[in-house]
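>>> Next input, structure requested:
(one chain, ligands or ions: 2)
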Amino acid sequence: MTQTSASFRRRRSCLYMPGSNARALEKVKTLDADVVIFDLEDAVLPDQKAEARRLVAEAVRAGGYGPREVVIRINGAGTPWHGEDLIMARDAGPDAVLFPKVEAAADRFDGMVQWAMIETPRAVLEADRIAASGFAALVVGTNDLAKEMHAPITPGRDAFRVALQQTVLAARANGIAALDGVYNDIGNDEGLAAECADGALLGFDGKTLIHPSQLEIANRAFSPSEEELEHARAVVAAFAAQPEAGVLKVKGRMTERLHLEEARRTLMLAGEAEHAG
Ligand SMILES: CC(C)(COP(=O)(O)OP(=O)(O)OC[C@H]1O[C@@H](n2cnc3c(N)ncnc32)[C@H](O)[C@@H]1OP(=O)(O)O)[C@@H](O)C(=O)NCCC(=O)NCCSC(=O)C[C@H](O)C(=O)O
Ligand SMILES: [Mg+2]
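Ligands and ions are numbered 1, 2, ... in the order given. A predicted model of the protein is given here:
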């Protein structure tokens, strides 16, 4: 299953911020993030939950986030804040509501696009069923996963390879988005770039982030290189010139119509939808 151009969205950089941080909710309007995630869950202390909910509702209703996709992460089912968060999110009308610590198929809420965190061992094992139940994106939570698995997050993320791959497979099998986990070491640009490159190689659409300084690195890592763009343009041009062909040689490479689909996706990622054919 693939995303169509109609449903296609760039989600290279997805910046979390605590819903209680009014300054951050405002500042993000000036930042180059594809997605902004207003967190009511782990970044907000219990005695600040109500105020954070109020601030987020106000911010989402007021808008001003331009082309950025606006997402609210609510508190999980079974917490004292879940019900009121849910009502607020439904009424405020963000682009999506992110549910933490999902472990089973979704309850459907009308008028609400739902995203799921994959951040427990059970969720990883159930990822396909969760993805198939109506969520529009899977978001890896490596911090919670590390805690639950009793495994450290190391460069290369050895303990999490299966979880990361299973999340991408589940998302792709169900035609939905897959977003990689956060990188905690703010300021370690080299480490972040390596982890972004790893996420892109695994097939993620983008990376969740925690600080504005991480945006440019993620945006670059999840954008096609000039070489990839050039090749994609050549593939689209070749099939446009020979519309009846099933297979062609482009720049010495065997190229089928499946490669044309990939080329179109590459061009859309670069904002070249008009050239995607
Ligand atoms: C980690 C931070 C608390 C650090 O904040 P701070 O000390 O204020 O950083 P700086 O002084 O370097 O900030 C410089 C300016 O940038 C703004 N800022 C900082 N972070 C953000 C942000 N995330 N979004 C928007 N703007 C941000 C500061 O306000 C400063 O602005 P200015 O005043 O104009 O100079 C902080 O970065 C932070 O809170 N980050 C996000 C934390 C968060 O949301 N965590 C929850 C999600 S992560 C997670 O739980 C994933 C998953 O569930 C899992 O299990 O893995
Ligand atoms: Mg988490």
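>>> who does the helix or strand where Met17 lies pair up with?
Here Met17 sits within strand 13-18, counting by DSSP states H and E. Paired neighbours of strand 13-18 in the sheet (DSSP bridges): strand 35-39 (parallel), strand 206-209 (parallel).
>>> Pull the residues that contact the longest one.
Counting by CB atoms under 8 Å, 6 or more residues apart in numbering, the neighbours of strand 35-39 from elsewhere in the structure are 11, 13-19, 25, 28, 56, 59-60, 65, 68-73, 94, 98, 206, 208. Any C-beta I mention is one placed from the backbone N, CA and C, and that applies to glycine too.
>>> same check, this time on stretch 221-232
By CB under 8 Å, 6+ apart, stretch 221-232 touches 12-13, 193, 196-197, 199-200, 204-207, 250-251, 262-264, 266-267, 269-270, 272.
>>> How far off centre is that stretch?
Distance of stretch 221-232 from the chain centroid (CA atoms, centre = their mean, to the nearest Å) equals 20 Å.
>>> do the strand holding Met17 and ligand 2 meet at all?
No. Against ligand 2, strand 13-18 shows no contacts by CB under 5 Å from the ion, the least distance being 9.8 Å.
>>> that older thread, what's the closest of the strands paired with strand 13-18 to ligand 1?
strand 35-39 (4.5 Å; CB to the nearest ligand atom).
>>> Need the contact partners of the helix or strand just after the closest one.
Helices and strands here follow DSSP H and E; after strand 35-39, the next one along the chain is helix 49-62. Identification of contacts with helix 49-62 by CB under 8 Å, 6+ apart yields 18-20, 22, 25-26, 38, 40, 44, 70, 72, 75, 81, 84-85, 88, 91-94.
>>> Nothing else from me, thank you.
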